[in-house]
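# With the input below, show me the fold.
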Amino acid sequence: MSHTSALLVWYNANKRDLPWRHTRDPYSVWLSEVILQQTRVNQGLHYYYRFLELFPTVVDLANASEDEVLKAWQGLGYYSRARNLHASAKWVAYVADGVFPQSAAELKKLKGVGEYTAAAIASFCFDECVPVIDGNVQRVVSRVMAIDDPVDKPQGHKRIAEDLYHWIDRKNPAQFNQAIMEFGALQCTPRNPDCERCPFRSNCLAFASGRVHEFPLKAVK
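Next up, the predicted model:
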């Protein structure tokens, strides 16, 4: 079984039922990604629902005052995320007539939207075949492929991206990206990964060499 097939079989059996997985609305997906950048899912759910209740559309968010947005954000910390969210909502609402950019390259032009968030929105909502690379994904790929380059350096990032382009399901990039992030969050965890029941066990180079806990490598600061 290929890496892609094994991952999708695992995902269909183990995925969490999360609200942003039931929509292709870029505003809802973007909101969830920004909230979860520095926040655990269990805490972020409350804020996600509250934001959608207060600001159901990107136009509603754009029309809100900064004080209203920051009040709704209170408790999440990293308030630059809320300010960037508000600024980008205004651009989408007023400059783009409420229509989100549909490619990762264009999405990255929004304030506060980096490579990861742009790839998530583009693949989840518009089926662009672009891999998402967050900490969970870095850990999974670097372990399976035993990537000895630091993942926080250009060469390590490039190697992970290259491997993902071979793995990604071109017919359903959204499901693949959700699956590999979920796999890193639930199965291939930083500490005590469940290697005994891992679908990649027979193909994982880190497991084969007894080096699972050495990956992902980070540059020494």
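
# and stretch 170-183, how far from the chain's centre?
Between the mean C-alpha location of stretch 170-183 and the chain-wide mean there is a distance of 10 Å, by C-alpha atoms, centre = their mean, to the nearest Å.

# ok, residues contacting it?
Residues from elsewhere that reach stretch 170-183, judged by C-beta atoms under 8 Å, 6 or more residues apart in numbering: 4, 7-8, 10-11, 14-16, 21, 119-120, 123-125, 127-132, 134, 136-137, 140-141, 164, 167-169. Quick note: C-beta positions are derived from backbone N, CA and C, even for glycine.

# what's the average pLDDT for that stretch?
Average pLDDT, stretch 170-183: 96.

# cool, and stretch 2-18?
Rounded mean pLDDT across stretch 2-18 is 93.

# Same check on stretch 202-217?
pLDDT averaged over stretch 202-217 gives 95.

# From start to finish, how long is that stretch in a straight line?
22 Å (C-alpha to C-alpha, to the nearest Å).

# ok, now stretch 8-23?
One end of stretch 8-23 sits 19 Å from the other (C-alpha to C-alpha).

# Residue ranges in this structure under the pLDDT threshold?
Scanning the chain for pLDDT under 70 picks out 1, 221.

# Make a PyMOL selection of the buried ones in the contacts of stretch 170-183.
Entered in PyMOL, the line below selects the buried ones among those, by 16 or more other C-beta atoms under 10 Å:
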select buried, resi 4+7+8+10+11+119+120+123+124+125+128+129+130+131+132+134+136+137+140+141+164+167+168+169
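
# Using the three-state scheme, assign residue 50.
Classification of residue 50 using DSSP: H, G, I helix; E, B strand; the rest coil returns helix.

# For it, give me its contacts.
Applying C-beta under 8 Å, 6+ apart to residue 50 gives the contacts residue 72.

# ok, now how distant is it from residue 57?
15 Å (C-beta to C-beta, to the nearest Å).

# next one: residue 97
From residue 97 to residue 57 the distance is 13 Å (C-beta to C-beta).

# Which of those two has more residues huddled nearby?
Neighbours were counted for residue 97 and for residue 57 using other C-beta atoms under 10 Å; residue 57 has more, 15 against 8.

# What are the boundaries of the helices in the protein?
For the chain, the helices defined by DSSP state H cover 3-14, 26-35, 41-54, 58-63, 66-73, 80-90, 104-107, 115-126, 135-144, 154-167, 173-186, 205-208.

# Name the residues of the last one that come out as buried.
Burial within helix 205-208, assessed by neighbour count using 16+ other C-beta under 10 Å, is assigned to 205, 206, 207.

# Same question for the fifth one.
For helix 66-73, the buried set under the neighbour-count rule, 16+ other C-beta under 10 Å, comprises 69, 72, 73.

# swap in the fourth one?
Counting neighbours by 16+ other C-beta under 10 Å, one finds that the buried residues in helix 58-63 are 58, 59, 61, 62.

# name the helices or strands packed onto it?
Applying 3 or more C-beta pairs under 8 Å, 6 or more residues apart in numbering; DSSP states H and E, one finds that helix 58-63 contacts helix 80-90.
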